[in-house]
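Enquirer: sequence and computational prediction follow.
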Amino acid sequence: MKLNDKQKQILKIICDTFTEDLTNVKNDKNQPLLHQNMPNLIDSILFSLESLPIAKQNEFKQLLDLMGSFYLGLTWFGPLKSFDKLSPNKRIDLLISWSKSMISPLRNAFNSLRKLVTLCYYSAVNENGINPQWEKIKYPNPPRKEILKPYKTDGLITKKVQKDTRLTCDVVIIGSGAGGGVVAATLAAKGLEVIILEKGEYITEEQMSRRELEMTQKTIDRRGALASEDGSTTILAGSCVGGGTTINWSASFRTPDFILEEWAKEHDNPQFLDNDYKKCFEHIEKRAHISTQYSIHDSQNQKLVDACKKAGYSVNTIARNVRGPVDENQMETYWKMQGYANFGDAWGYKQGTMKTFLQDASDNGALLYANTRVEKVIHKNGKVEGVLAFQKDNNQLHKIDIQCKKVVVSAGAIHSPAILKRSGLQHKEIGNHLYLHPVNAVAAEYDETINGWYGPLMTAVCDEFKRLDGNFGYVIETPPLHSGFIALATPWQNAHKLHEDMKNISKTAAFLVLTRDKFGGKIKLSKEGRALVHYKLNPYDRKHLIHGIKECVKLHHLAGATKIRLLHNQMYEWNNDINIHSFINNIDKINWNANHFTLFSAHQMGTCRMGGRDKDHPLKPNGETREVKNLYVADASAFPRCSGVNPMLSIQALSYYIAKGIE
């Protein structure tokens, strides 16, 4: 993404304002510091933004143009001066004004800039692979790969084309994640000729650097810059070979029985109540080595367990798709290094589809094309004829025209409906009912060292409130904590306060609220045909989220926290000088409207719902589209409603069920 000189200068000053400590700078000093210690910060930010649709890139440039104009003063009733003409402290005042503004686009602008700048500032590395801030905040350099003996498999082979190419096969599978990987293995085992198309890169274990920003930009959709159209929700979706299974947190929950019953009875899907469907879970669990055997709690998860026991709440150990150590003498190192597996497991212990189902598919002759974006499915007279795709090779695009008998779309709840829409399908519900499991978290500081970047990813869950109202509520879990993620989630008042807060991240723990949303959003297409996420948190779901935030505060307090902080634009912080009951009661009075607080989604579901009613469900109960014969969808977009728990195993079981029915 290219900026003109004025835009680049404004962006540099924005970066200085968010990250340079101005404690000793006088008000009349307005020269930018230009980040002599972080010369690649601007490039890191622009690299992330390049992945956005053109309209979004233009919006960012327009924001910089506004900030470079004297009209900027009208946005906050300040001086009629451009951002670069304001004193450093006035720049802070402007940003704080935007964070509180009654105008949602200004709050969105503040949050977008804050998250981009702070993420890159605390996770980008220089030519030596080091971030100069890490030593100051006691965040370790990424561990060396040779520190741990790896669990090896043969590895995958990806196919490349050197020119426009025509191929033939029995089945094309679009996507290689939890859904596509399972479908590929199942169909290849039947002897079908299978081609897998994946829009993301194939990143080998040797290429998994354990560096947060680098791996985020390589493995997360739109290089980590994907958000809802109003900016209120940061969306983390896997975009690489293996999809979300390569970079998720390993949690492997069966779909709860009460959810399966809801899907069956409310959406006319009787298969979800069959004993044969339960066997689908067993099949996946066996192949992916899912168990609780190696779910040994780190300090964060142990805090959650201890607090729940004190409160009398239900708390359980999470089953995960992780194998044990190759060398039992390395148990401590093995346990510790799992904390980096959300950047791709460089040692191969996490059993995502790269290590399991895609390997099985490859062993049975399936062909994998990475860096390959599907434009549309070709169909005629209501029947599949093929797929049109483009493979990226450096700066060149080569067309791949595939003739096939069947197509399975497994591109996820954001991109599967976009592919169906680009392919000309007209069902009115395609793209609707997008569920995100909206997440907020509560961070806390403790007297002892936590080091939330070490240890297994997410091993404990409090499910006391999973059915707060009927089938809707939330669960409480813990996220892995790395420097960039902590920085982008930390409330910002000024750079000095941010740096002081970041100095304590080694003693920080976070409990997150994962809400089962009752009311969804939708996927629409941009002018160039790219997926756009439209989602606003419904007041019903927001009520449950706030209930969970209050419970997280309570649990941190029971666990012995000395400071508790809400993830909100404004600083809402508890310490021992404040009455905890008053603090919790006042949470209801805080402004929780869009862009006043940080909202995340790592789970996207719905948008191509399966069910028995023609008018309500684009998919039949067997996963086939109602409009085109032999065109199937097998991923989280087929969920009639969201799963209420981390959905990887739910996706895999559903996809296995669908794949078994494809001949």
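Expert: Yep, that arrived.

Enquirer: endpoints of stretch 208-228, how far apart?
Expert: Start-to-end span of stretch 208-228 (C-alpha to C-alpha, to the nearest Å) is 28 Å.

Enquirer: let me know the pLDDT of the residue nearest to the spatial centre of the chain.
Expert: Closest to where the C-alpha atoms of the chain average out (C-alpha atoms, centre = their mean) is Leu236, at 1.7 Å. The score at Leu236 is 97. That number is its pLDDT.

Enquirer: okay, now Leu46: neighbour count?
Expert: By other C-beta atoms under 10 Å, the residues close to Leu46 number 18. To be clear about C-beta, it is placed using only N, CA and C from the backbone, and glycine gets the same treatment.

Enquirer: so what's it closest to, chain neighbours aside?
Expert: Met1 (4.7 Å; C-beta to C-beta, 6 or more residues apart in numbering).

Enquirer: quick check: that neighbour touching Ser44?
Expert: No. At 11.6 Å, Met1 does not count as touching Ser44 under the criterion of C-beta atoms under 8 Å.

Enquirer: three-state assignment of Ala74?
Expert: No Ala there; residue 74 is Leu. Judged by DSSP: H, G, I helix; E, B strand; the rest coil, the three-state class of Leu74 is helix.

Enquirer: model confidence for it, exactly?
Expert: Reported pLDDT for Leu74: 97.

Enquirer: from Ile103, how far out is it?
Expert: 11 Å (C-beta to C-beta, to the nearest Å).

Enquirer: got the contact list for stretch 144-151?
Expert: With C-beta atoms under 8 Å, 6 or more residues apart in numbering as the test, stretch 144-151 has contacts from 205-206, 210, 323, 325-327, 330, 333-334, 337, 346-349, 355.

Enquirer: try 10 Å this time
Expert: With contact meaning C-beta atoms under 10 Å, 6 or more residues apart in numbering, stretch 144-151 is reached by 205-206, 208-210, 322-327, 329-330, 333-334, 336-338, 345-351, 355.

Enquirer: return the set of buried residues in that stretch.
Expert: Leu148, Tyr151 (16 or more other C-beta atoms under 10 Å).

Enquirer: got the buried residues for the strand ranked longest in the chain?
Expert: Ranked by residue count and defined by DSSP state E, the top strand of the chain is strand 383-393. Buried residues in strand 383-393, counted by 16+ other C-beta under 10 Å: Val384, Glu385, Gly386, Val387, Ala389, Phe390, Gln391.

Enquirer: and it, what does it pack against?
Expert: Under the contact criterion of 3 or more C-beta pairs under 10 Å, 6 or more residues apart in numbering; DSSP states H and E, strand 383-393 touches strand 165-168, strand 171-174, strand 194-197, strand 372-380, strand 396-403, strand 406-409, strand 631-633.

Enquirer: quick one: distance of it to the chain centre.
Expert: The gap between where strand 383-393 is centred and where its chain is centred comes out at 27 Å by C-alpha atoms, centre = their mean, to the nearest Å.

Enquirer: ok and it relative to strand 372-380, angle-wise?
Expert: 160 degrees (axes from the mean of the first three to the mean of the last three C-alpha atoms, to 10 degrees).

Enquirer: mind listing the helices for the stretch 101-250 of the chain?
Expert: Assigned by DSSP state H, counting those that start in this stretch, the stretch 101-250 of the chain shows helices spanning 104-123, 134-137, 178-189, 212-219, 244-247.

Enquirer: how about those, which one is nearest Gly365?
Expert: For those, the distance to Gly365 is smallest for helix 178-189, at 6.1 Å, taking C-beta to C-beta.

Enquirer: thinking again about what came up before, which of the buried residues of strand 383-393 sits closest to Gly365?
Expert: Nearest to Gly365 among those, with distances taken as C-beta to C-beta, is Val387, at 18.5 Å.

Enquirer: would you agree that closest one is in contact with Arg373?
Expert: No. Contact criterion C-beta atoms under 10 Å: Val387 and Arg373 do not qualify, at 11.1 Å.

Enquirer: which neighbours do these two share?
Expert: Common neighbours of Val387 and Arg373 (C-beta under 10 Å, 6+ apart) are Ile174, Leu197, Ile400, Ile419.

Enquirer: how close does the residue nearest to the centre of the chain sit to Phe60?
Expert: Taking C-beta to C-beta, one finds Leu236 at 20 Å from Phe60.

Enquirer: hmm, back to that, ok, Met1 and Ser44, which is more surrounded?
Expert: Using other C-beta under 10 Å, the more surrounded residue of Met1 and Ser44 is Ser44, with 21 against 14.

Enquirer: from Gly200, how far off is the more buried one?
Expert: For Ser44 relative to Gly200 (C-beta to C-beta), the value is 19 Å.

Enquirer: ok, now Ala659?
Expert: Using C-beta to C-beta, we find Ala659 at a distance of 21 Å from Gly200.

Enquirer: okay, those two: which has more neighbours?
Expert: Taking neighbours as other C-beta under 10 Å, Ala659 and Gly200 compare with Ala659 leading, 26 against 23.

Enquirer: so what's that one closest to, chain neighbours aside?
Expert: Nearest to Ala659 is Thr186, by C-beta to C-beta, 6+ apart, at 3.7 Å.

Enquirer: residues near that neighbour, how many?
Expert: Neighbour tally, Thr186, other C-beta under 10 Å: 26.

Enquirer: and Lys136, by the same measure?
Expert: 11.

Enquirer: give the contact list for the closest residue to it other than its chain neighbours.
Expert: Leaving aside its sequence neighbours, Lys136 sits nearest to Lys503 (C-beta to C-beta, 6+ apart; 6.8 Å). Counting by C-beta under 10 Å, 6+ apart, Lys503 touches Gln133, Lys136, Ile137, Lys138.

Enquirer: out of those residues, grab the one that's most surrounded.
Expert: Counting by other C-beta under 10 Å, top hit in the contacts of Lys503: Gln133 with 20 neighbours.

Enquirer: quick check: phi and psi on that residue?
Expert: phi -80, psi -20 (degrees, to the nearest 10).

Enquirer: wait, it sits on Asn126?
Expert: No. Taking C-beta under 10 Å as the definition, Gln133 is not a contact partner of Asn126, at 11.0 Å.

Enquirer: what number of residues lie near the residue nearest to Ile103 when sequence neighbours are not counted?
Expert: Counting by C-beta to C-beta, 6+ apart, Ile103 lies nearest to Thr75, which is 7.8 Å off, once chain neighbours are set aside. Residues near Thr75, counting by other C-beta under 10 Å, number 17.

Enquirer: OK, contacts around Thr75?
Expert: Counted by C-beta under 10 Å, 6+ apart, Thr75 has contacts Leu66, Met67, Leu94, Ser97, Trp98, Ser101, Ile103, Pro105, Leu106, Ala109.

Enquirer: okay then, goodbye and thanks.
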